[in-house]
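Chemist: Give me a model of this one.
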Amino acid sequence: VAIFNINIVDIIFLIGIICLIIKRKSIFNANNDVLDKYNSNKIKGLLALLIIIHHLSIYIKDTILLKVFTIVGAIAVSAFFFYSGYGLMTSYLKKENYLKDFLNKRIMKIVIPYIIAIIFTILAYLLTGQLTPRKIFNSLVEGEPVVRFSWYVLAIIILYVVFYLSAKFLKKKKMINIAVFGGTILYCIVINNILVFNNFWVNSCFAFFIGIYWASYKEKYAITLKNKNKIIRYAIMLSIILFAIIGIQFFTSGYAIMDIINDTDLADNIMREPIPVINMNIICIALLFVLFTILEKMRLNDKVFTFLGNISFEIYLYHGLVMYLLRNPCFYCRIDYLYVILVIGLSIILAKLMNIANNKIYNFYMNKVEKESC
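Modeler: Now for the predicted structure:
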């Protein structure tokens, strides 16, 4: 353990990996439709856990196995983007007058819990003496929201609006796809060149468009998808090639590699350039296909992952707050494995409580809107 610098967190994950290998025949023998509502909800629960582990892997330095999850975050977020786009377009094509009350039923269902999360986060910062007017201002203009890791929420709200305007004024699915694609490009340009936010705002956002495109034309590719093994090989090969291109761009950037590793701003500047942005989106989409193919065969516990799927949005909103409360200037949990267990456990508990509260507040809001419209 000392020789390889493996700590208890690594041992926990190593045991998990060994269990997966031993039980692989019983775990990977399902035949799931990853796009139906029931299975996609369970998968969202799994993705929410992966997001927590991804962020833990960034903040816990002295681990080896946990560092594998540093590259999982973009893929998990791209899956959330995909499901959002796919769900919107599927509902639009199936339901008449779907866009009626779209702002209340879809966007406000995100906005209301997000506002509540902002309030709780501000209170937490006030209690630990870490909130200043400057930090609040910086959170608005520097792409670092007060709610930790919540950039995805703001990005998805923007893309929801892009879809809504496209569907409202263009109607036909072909034109909607073109408009959403164009709107996503415009979003990337504004984020990268005008606001100059971190690269993670744009590295996986085109999965939203792919979700809309797939909902529109999935029947067209039904025959092609029968040869999945061949497609997976191509997807992995393409990802490796594009990763290599990004690596070459780092080596030829004019900066020393150690400077890039030690200075995240240098790496971020390189990753905001057009070629890395395009490559990362293609990589995320390619690996997303590989992930979905694996999940088609993966047997997820119905009760556990349905429960997690139902609170996945709240897990996303509050796990950063839990991470902060357990490690801040007033209180610091020094034991890494205890920190991991507490973050995951308390995030789930808090997410469940806030899910109950959010649903009641949202239902109250909708009842008030319906009464006013009568």
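Chemist: okay, the residue nearest to Lys67 when sequence neighbours are not counted: pLDDT?
Modeler: Distances taken as Cβ to Cβ, 6 or more residues apart in numbering put Ser57 closest to Lys67, at 5.7 Å, once the chain neighbours are dropped. No exception for glycine: its C-beta is placed from N, CA and C like everyone else's. The per-residue pLDDT reported for Ser57 equals 85.
Chemist: what about Cys205, distance to Val162?
Modeler: 10 Å (Cβ to Cβ, to the nearest Å).
Chemist: And Asn32, by the same measure?
Modeler: In terms of Cβ to Cβ, Asn32 sits 30 Å off from Val162.
Chemist: With Ile112 instead?
Modeler: In terms of Cβ to Cβ, Ile112 sits 21 Å off from Val162.
Chemist: Show me where the stretch 51-200 of the chain dips below the pLDDT cut-off.
Modeler: Within the stretch 51-200 of the chain, the stretches with pLDDT under 70 are 62-65, 130-141.
Chemist: Let me see the ranges of the helices in it.
Modeler: Assigned helices in the stretch 51-200 of the chain, in chain order: 72-94, 102, 108-127, 133-141, 151-170, 173-189 (criterion: DSSP state H, counting those that start in this stretch).
Chemist: Need the winner for burial among these.
Modeler: Highest mean neighbour count among those (mean count of other Cβ atoms under 10 Å): helix 72-94, with a mean of 22.
Chemist: picking that back up, would you agree the residue nearest to Lys67 is in contact with Ile51?
Modeler: No: applying Cβ atoms under 8 Å as the test, Ser57 and Ile51 come out as separate, 10.7 Å apart.
Chemist: Show me where the chain has its strands.
Modeler: For the chain, applying DSSP state E gives no strands.
Chemist: who does the longest helix along the chain touch, helix- and strand-wise?
Modeler: Longest helix in the chain, counting residues (DSSP state H): helix 336-373. Identification of packing neighbours for helix 336-373 by 3 or more Cβ pairs under 8 Å, 6 or more residues apart in numbering; DSSP states H and E yields helix 8-22, helix 37-59, helix 108-127, helix 312-326.
Chemist: and these as JSON lines, adding distance to Asn177?
Modeler: Putting the helices and strands packed on helix 336-373 into JSON lines (distance: least, Cβ to Cβ, whole Å) gives the following:
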{"stretch": "helix 8-22", "distance to Asn177": "38"}
{"stretch": "helix 37-59", "distance to Asn177": "21"}
{"stretch": "helix 108-127", "distance to Asn177": "23"}
{"stretch": "helix 312-326", "distance to Asn177": "26"}
